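Visitor: Model the structure of this input:
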Amino acid sequence: MLSQYKIINDEVSSEEKLLWSGQPRLGLKLNSRDIFIIPFSLLWSIPVFAMFFSDDFDFLQNAPSLFALFPLIFLIAGSYLVFGRFLHDAWRRSRIVYGLTDKRAIIISGSKIKSMSISASTEVQFKPHKKGRASIQFGPSGSIFSMDFSQQLSMWNGAPFAPTFECIENGDRVYRQIKESMGL
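Guide: Numbering: from 1, shown residues only. So this is what the prediction gives:
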């Protein structure tokens, strides 16, 4: 994979100055939504796992083939809710590169590029974390009830609802640079 600086530098125009580039914290992590998702995933998964792995479970042998798929679908969904979503989130964040220029914020994830202009009217939210890390969100916070289906799915995979520099190092310094670019 190309270096993060090269990826962002290729996206920056000649009229811009690159102020910062970085990546989110890598590895497994919990977020605030997990307060609700973990209990829900356990309530969903424990009965499915218990039913599927019990000695008395002969549903697959006696059911028509189409109905035999239902327990497998619930098992796969339960496995994702309990374990897979953490691995998916870590993989998702490993593919993200951030850039900040004097005119815009850039988020590159795989082949997707999001670019947000930075001006005095841009809504920016600063969320400090431990050890000097922070998340910086561009635009208003979304609600699961006001978003389209693809954004609602982000609740399950750990992605933020709005464009965000997630859990970056030296977040307070990057936030100050954003404010300076905004003229504040």
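Visitor: Tell me the first helix or strand C-terminal of the worst-scoring helix or strand of the chain on mean pLDDT.
Guide: Within the chain, judged by mean pLDDT, DSSP states H and E, the helix or strand with the poorest mean is helix 149-157; its value is a mean of 53. Next helix or strand after helix 149-157 toward the C-terminus (DSSP states H and E): strand 164-168.
Visitor: so after that next one, what's the next helix or strand?
Guide: Next helix or strand after strand 164-168 toward the C-terminus (DSSP H and E): helix 171-182.
Visitor: and that following helix, average pLDDT?
Guide: Helix 171-182 shows an average pLDDT of 92 in the prediction.
Visitor: And the contacts of it?
Guide: The contact list for helix 171-182 (C-beta atoms under 8 Å, 6 or more residues apart in numbering) reads 19-20, 22, 100-103, 105, 118-120, 122, 124, 126, 128-129, 132-136, 165, 168. (Glycine included, C-beta is placed from N, CA and C.)
Visitor: Name the SS class of Q137, please.
Guide: Here Q137 is recorded as strand under DSSP: H, G, I helix; E, B strand; the rest coil.
Visitor: does it really touch A162, like I thought?
Guide: Yes: between Q137 and A162 there is a contact at 5.2 Å, judged by C-beta atoms under 8 Å.
Visitor: Could you check which of the two has the larger neighbour count?
Guide: Applying other C-beta atoms under 10 Å to Q137 and A162 shows that Q137 carries more neighbours, namely 19 against 16.
Visitor: Excluding chain neighbours, what is closest to the residue nearest the centre of the chain?
Guide: Centroid check for the chain by C-alpha atoms, centre = their mean gives A159 as the closest residue, at 2.0 Å. Spatial nearest neighbour of A159, excluding adjacent residues (C-beta to C-beta, 6 or more residues apart in numbering): R92 at 6.4 Å.
Visitor: ok, the one you found - how many residues close by?
Guide: R92 is flanked by 18 other residues according to other C-beta under 10 Å.
Visitor: Could you check how far it is from L28?
Guide: Separation of R92 from L28 (C-beta to C-beta, to the nearest Å): 12 Å.
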